[in-house]
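Novice: here you go, sequence then predicted model.
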Amino acid sequence: MPKCTVDFFGLPVYIKPLKIEIELKEEAKLQDIIAELRMKVPALEGQVIVPGKDRMIDGFTFNIQGRFYVDGFDGDKSLHFKDGDHIALLTMPTGG
């Protein structure tokens with residue numbers, strides 16, 4: 001099972017400082033990452049994660065291997081987590 005580091009940027013960093021390590025199953029999907037985050041950092045629920053669901057609130061995204069993914073993403077076959085991977089949870093930029 002790959003162990004990955006999740007780094008927090010933007011609003012999530014105010015909820016949980018900097019980063020945590022999570023363990024994922026071999027065929028993990030984004031919902032599995034969110035489920036692990038809900039369990040390890042309950043303060044994310046309601047502010048970053050939809051309460052009671054393994055989905056992120058609009059405005060948050062993951063950056064994995066330099067590609068951006070949102071939780072509604074249905075599962076990219078190219079997503080294969082390896083031991084030591086870095087996953088960034090960040091606030092999507094807004095313009096104005």
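Specialist: Arrived safely.

Novice: okay, buried residues for stretch 59-75 please.
Specialist: Judged by neighbour count using 16 or more other CB atoms under 10 Å, the buried positions of stretch 59-75 are 60-62, 64, 69, 71. (Each C-beta comes from the backbone N, C-alpha and C, glycine too.)

Novice: is the nearest residue to I22 once chain neighbours are set aside in a helix, a strand, or coil?
Specialist: Nearest-residue entry for I22: E36, 4.3 Å, with adjacent residues in sequence omitted and distances by CB to CB, 6 or more residues apart in numbering. Assigned with DSSP: H, G, I helix; E, B strand; the rest coil, E36 falls in the helix class.

Novice: quick one on the thing from earlier: what's the most distant pair in the buried residues of stretch 59-75?
Specialist: Greatest spacing in the buried residues of stretch 59-75, by CB to CB: F60 and I64 (13.6 Å).

Novice: what's the helix or strand for K25?
Specialist: Using DSSP states H and E, K25 sits in no helix or strand.
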